[in-house]
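K.L.:
From the sequence below, what's the structure:
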Amino acid sequence: MTKRGDTRGADRDNLPAEAEAAAGVFAPPGAEIEGIRAYGGGNVHETFLVALKRPDARDFILQRVNTFVFRRPELVMQNIGAVTGHIRKRLAAERPGRRWEIPGVVPARDGRDHWVDPEGSFWRAAEFIRDARSLPAVRDAGHALEVGWALGMFHRLVSDLPAASLGDTLEGFHVTPLYVGRYDAVLARKTPAASVDVRRCMDFVERKRAGAGVLEEAKGAGRLYLRTIHGDPKADNVLLDAVTGRAVALIDLDTVKPGLIQYDIGDCLRSCCNPLGEDPGDPDAVRFEAEYCRAALRGYFSGAGGVLTAEDAARIFDSVRLIAFELGLRFFTDYLEGNVYFRVTRGDQNLARALVQFALVESIERQEAAVRKIIDDAARGR
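P.N.:
The predicted model follows:
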């Protein structure tokens, strides 16, 4: 369910006491805990890796869920259980010719899929996928191809899982016009500190807001429809085999829900095709790498098979441009609200992140003709 790190040699200095208690709740009977360490680089939850001494016991990921973001964490766990169970059945029946894993939920000792500590914090655990790693940004076209393949594989495996069978754990998530409305509401009650970067973001939102409804309008017209989506298929949510570099898992399933598949594809490309990642030192150096786009889409269509319709494929350019705008808007709105959603290490980090995404939008738009050709070629298998 999360990403980078080592499993051993962990000390427990500076860990919250609740993490030790929670680790004991999820550790299997008779398995002594060898180490607990903070793990990964997620923006939402507190995440730890719990290493066990017993050789037949599998290490696990432990998370304190951010219930400000996920206000119905029990429903999140129901969705995760439904999706992981469905994918495991598909994998058992199909037996793909390469390594592909789905991290299972680790039950608490009482058999439940979560534990609420005495202070009211919501904890859950998932199996740790060994001999795999993720990277914060795509490093080359081969990496982009694997990230695209992972999302295509996921979409294919859940293509027969009805979206209506899942709960909507984040109402309004990836509905871009709603984020514009939230931004307007925040701006109406807060006067942002005057700065060049704040003004730059505000001006950008005003120029681009008119296109925020492009996918929702297509859905309203019956041209697009809801499916089971991952919701956050960025590059560092794809685990790569530590030896071969091939994708072995798509993790962080908190945002699995009914949605438009275009938001997933757009988010994957947004992440894959920005080699500098979400927190570069200079937002003006950000670019959308067209060759990474070509590789990621080649991988996606290979993994997805015939999941997409012609209308779906025709909307991919709109999707990648829109999702970069949406994420930038979310970062900027969170900055204006005081950084209440995305975790930050400095007060202006979400402002800087917004500038990165807005620069990415501009880079995508400058290459529109080339990117549209890449999309068309990939959809036709060229």
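K.L.:
Using the three-state scheme, assign the most centrally placed residue in the chain.
P.N.:
Among the residues of the chain, residue 232 comes closest to the average C-alpha position under C-alpha atoms, centre = their mean, at 2.3 Å. When classified by DSSP: H, G, I helix; E, B strand; the rest coil, residue 232 comes out as coil.
K.L.:
Skipping adjacent residues, who's closest to it in space?
P.N.:
Sequence neighbours aside, residue 255 is the residue nearest to residue 232 in space, at 4.6 Å (criterion: C-beta to C-beta, 6 or more residues apart in numbering). Glycine gets a C-beta too; all of them are placed from N, C-alpha and C.
K.L.:
Do you know the pLDDT at residue 95?
P.N.:
As predicted, residue 95 sits at a pLDDT of 85.
K.L.:
show me what contacts it?
P.N.:
Going by C-beta atoms under 8 Å, 6 or more residues apart in numbering, residue 95 touches no other residue.
K.L.:
all strands for the stretch 201-350 of the chain, in order.
P.N.:
226-229, 238-241, 247-250, 257-260 (DSSP state E, counting those that start in this stretch).
K.L.:
To residue 337, which of the ones you listed lies closest?
P.N.:
Of all the strands of the stretch 201-350 of the chain, strand 257-260 sits nearest to residue 337, with 23.1 Å by C-beta to C-beta.
K.L.:
Sheet-wise, list the partners of the closest one with their directions.
P.N.:
Strand 257-260 has its sheet partners listed here by DSSP bridges as strand 226-229 (antiparallel).
K.L.:
out of the strands of the stretch 201-350 of the chain, deepest packed?
P.N.:
Mean neighbours per residue, mean count of other C-beta atoms under 10 Å, is largest over these for strand 247-250, with a mean of 25.
K.L.:
Not counting its own residues, what contacts that strand?
P.N.:
Contacts for strand 247-250 (C-beta under 8 Å, 6+ apart): 99-103, 129, 132, 146-147, 149-151, 153-154, 230, 233, 237-241.
K.L.:
If we use 7 Å, what do you get?
P.N.:
Strand 247-250 is touched from outside by 99-103, 129, 132, 146-147, 149-151, 154, 230, 233, 237-241, with contacts defined as C-beta atoms under 7 Å, 6 or more residues apart in numbering.
K.L.:
Tell me the strands beside it, with direction?
P.N.:
Next to strand 247-250 in the sheet, as set by DSSP bridges, lie strand 238-241 (antiparallel).
K.L.:
quick one on the thing from earlier: mind giving me the ChimeraX command for buried ones among the contacts of strand 247-250?
P.N.:
Buried residues within the contacts of strand 247-250, by 16 or more other C-beta atoms under 10 Å, are selected in ChimeraX with:
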select :100,101,102,103,129,132,146,147,149,150,151,154,230,233,237,238,239,240,241
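K.L.:
For the stretch 251-382 of the chain, give me the ranges with low pLDDT.
P.N.:
For the stretch 251-382 of the chain, no stretch is flagged by pLDDT under 70.
K.L.:
give the contact list for the residue nearest to the centre of the chain.
P.N.:
By C-beta under 7 Å, 6+ apart, the contact list for residue 232 reads 252, 255, 267.
K.L.:
The second one: neighbour count?
P.N.:
When neighbours are defined as other C-beta atoms under 10 Å, residue 255 has 23 of them.
K.L.:
got it, and the last one?
P.N.:
The number of residues packed around residue 267, counting by other C-beta under 10 Å, is 28.
K.L.:
any idea how far the nearest residue to it once chain neighbours are set aside is from residue 136?
P.N.:
Among residues not flanking residue 267 along the chain, residue 323 sits closest, at 4.8 Å (C-beta to C-beta, 6+ apart). Separation of residue 323 from residue 136 (C-beta to C-beta, to the nearest Å): 18 Å.
K.L.:
same check, this time on residue 240
P.N.:
Distance from residue 240 to residue 136, counting by C-beta to C-beta: 12 Å.
K.L.:
what helix or strand is residue 354 on?
P.N.:
Per DSSP states H and E, residue 354 falls inside helix 349-366.
K.L.:
so what does the next helix or strand after that helix touch, helix or strand wise?
P.N.:
Following helix 349-366 in sequence order, the next helix or strand is helix 368-379 (DSSP H and E). Applying 3 or more C-beta pairs under 7 Å, 6 or more residues apart in numbering; DSSP states H and E, we find helix 368-379 packed against helix 290-304, helix 316-337.
K.L.:
Can I get those in a markdown table including mean neighbour count and distance to residue 20?
P.N.:
Output for the helices and strands packed on helix 368-379, formatted as a markdown table (neighbours: other C-beta atoms under 10 Å; distance: least, C-beta to C-beta, whole Å):
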| stretch | mean neighbour count | distance to residue 20 |
| --- | --- | --- |
| helix 290-304 | 23 | 40 |
| helix 316-337 | 24 | 31 |
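K.L.:
out of these, which comes closest to residue 175?
P.N.:
Using C-beta to C-beta, the nearest of the helices and strands packed on helix 368-379 to residue 175 is helix 316-337, at 9.0 Å.
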